[in-house]
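J.: Next one to model:
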Amino acid sequence: MNFRVFLIVCLSSLPITVAAQSPAFTLQGNTIHDYQPSLEQASKQLAQLLAIEPSEIPHLQIVLNKTATENQNYQQNAPSEPLLILSEDLLEKKQRANETMASVVAHEACHLWLIELAKQRGLEQVKQGYLPSYGHSQFNDWFDEMVAVACEQGALAEQRRQADFSFIPLATYLTQMHPVYERMQAQIAAAVAAQKAKKSGGQSVVKLTVEDENFADFYRQSAYFAEFLMRQPEQISIDKWLHVAQEKDPEIIASKLGFENLAKFEQAFYQFIPW
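T.: Below is the predicted model of the structure:
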C-alpha cells in the first residue's frame with residue numbers, strides 16, 4: 001500500500017464510467033472539474049525531467065469522484081496496473097488557495113508514476129515504520145517531491161516560484177525527511193507511546209493534523225531545484241536520476257550531478273534562484 005492511495009475501497013460489481021483516457025492514464029469517475037489536460041501535461045513534464053519518452057510512462061488507473069462514498073462502486077478492471085483513488089470532497093480539504101483541483105491531481109499522479117517507473121527498474125517498495133511510504137521508500141524525499149512539484153502547472157507552479165521562502169542548506173535539504181511525513185510520524189509515535197504508558201491493549205484513533213504547519217519552503221525549494229538541474233549542460237538520464245535519488249551523502253550527490261563539491265553545488269543553486 002502507498003500513501004498516495006487516499007482511500008480504502010470495497011470492490012463491487014458496479015463499474016465507473018471512463019471519463020478520459022490516454023496512453024499514460026485512464027481516468028474514471030463522476031467529477032465536476034476536467035482533469036485530462038492537466039494530467040496529459042504532467043506526464044509530458046515528467047518525461048522531460050527524467051529524460052524518457054512519454055510512451056515509457058506507466059499506465060495509471062485514476063478513480064476520481066465527487067465524493068469518497070462514490071469510490072466504493074469502483075471495480076478495478078486491470079488489477080496489475082497502478083491505482084490512484086481520489087475524491088473531490090477530500091481534495092478540497094487538501095487544496096490551498098493558490099491551487100486548482102487539477103494541479104493537485106497532477107502532483108499526486110506524478111508521485112505514483114515515479115514509483116512505478118522505479119519498480120519497473122527493480123526498485124521495490126519497502127514498508128517502513130507505522131505509515132506507508134510517502135513516496136518511493138528507497139528514494140530520498142527531496143527527489144520524490146522535486147519530481148511531483150515539477151509536474152505542476154498554472155497558478156500553483158507560478159506561486160511556487162513567486163513567493164518568498166527561506167533557503168534550506170543542501171546538506172539538510174538532500175537528507176531530510178519530508179516535513180509533512182515527519183510530522184505525521186511524530187504524531188503517531190506520540191500516540192503509540194501514550195497508549196503504552198496507559199498499559200492498555202485497546203485500539204485508539206490518531207487524528208493527524210498537518211494543515212496548520214507551514215511547509216512551503218520545502219516545496220518551493222523543490223520547484224527551483226528541478227528547474228536548476230534541468231538547465232545543467234548535461235542531461236540527466238533516468239538511470240542516473242534513480243541512482244542519485246538513493247544516495248545518502250550530499251557530497252556524493254553533488255559530485256554525481258557534475259559539481260566539484262557540495263559548497264559549489266549550493267552556491268550555484270542559490271545564485272540560480274531569482275531572489
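J.: Which stretches in the protein count as helices?
T.: Listed from the start of the chain, the chain has helices (DSSP state H) covering 36-50, 88-94, 101-120, 141-150, 154-162, 170-173, 179-197, 216-230, 238-246, 250-256, 262-272.
J.: what's the burial count for the closest residue to residue 88 other than its chain neighbours?
T.: Beyond its immediate neighbours in the sequence, the residue positioned closest to residue 88 (C-beta to C-beta, 6 or more residues apart in numbering) is residue 66, lying 5.1 Å away. To be clear about C-beta, it is placed using only N, CA and C from the backbone, and glycine gets the same treatment. By the measure other C-beta atoms under 10 Å, the count of residues near residue 66 is 15.
J.: and residue 66, what is it in contact with?
T.: Taking C-beta atoms under 8 Å, 6 or more residues apart in numbering as the definition of contact, the neighbours of residue 66 are 30, 31, 32, 87, 88, 89.
J.: Now a PyMOL select for only the buried ones of the residues you listed.
T.: Here is the PyMOL command that selects the buried residues among these (16 or more other C-beta atoms under 10 Å):
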select buried, resi 31+87+88
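J.: Export the contacts of residue 66 as a markdown table, with columns for distance to residue 59 and pLDDT.
T.: Converted to a markdown table, the contacts of residue 66 look like this (distance: C-beta to C-beta, whole Å; pLDDT from 0 to 100):
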| residue | distance to residue 59 | pLDDT |
| --- | --- | --- |
| 30 | 21 | 86 |
| 31 | 20 | 87 |
| 32 | 25 | 84 |
| 87 | 21 | 88 |
| 88 | 23 | 89 |
| 89 | 26 | 88 |
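J.: Determine which two of the contacts of residue 66 are furthest apart.
T.: 30 and 89 (12.2 Å; C-beta to C-beta).
J.: re earlier: what's the residue nearest to residue 88 sitting at in phi/psi?
T.: Backbone torsions of residue 66, given as degrees, to the nearest 10, read phi -60, psi -40.
J.: got the contact list for stretch 152-163?
T.: Contacts made with stretch 152-163 from outside it, assessed by C-beta under 8 Å, 6+ apart, are listed as 38, 41-42, 45, 98-100, 102-103, 106-107, 149, 216, 219-220, 223-224, 227.
J.: Distance of the residue most central in space within the chain relative to residue 171?
T.: The residue lying closest to the centre of the chain (C-alpha atoms, centre = their mean) is residue 111, at 3.6 Å. The span separating residue 111 from residue 171 equals 25 Å under the rule C-beta to C-beta, to the nearest Å.
J.: got it, and residue 149?
T.: Look at residue 149 and residue 171: by C-beta to C-beta, they are 21 Å apart.
J.: Please apply the same query to residue 27.
T.: Taken as C-beta to C-beta, the spacing of residue 27 relative to residue 171 amounts to 41 Å.
J.: the more surrounded of those two?
T.: The residue with the greater number of neighbours, taking residue 27 and residue 171 and applying other C-beta under 10 Å, is residue 27; the counts read 23 against 13.
J.: Leaving out chain neighbours, which residue sits closest to that one?
T.: Nearest residue to residue 27, sequence neighbours excluded (C-beta to C-beta, 6+ apart): residue 20, at 4.2 Å.
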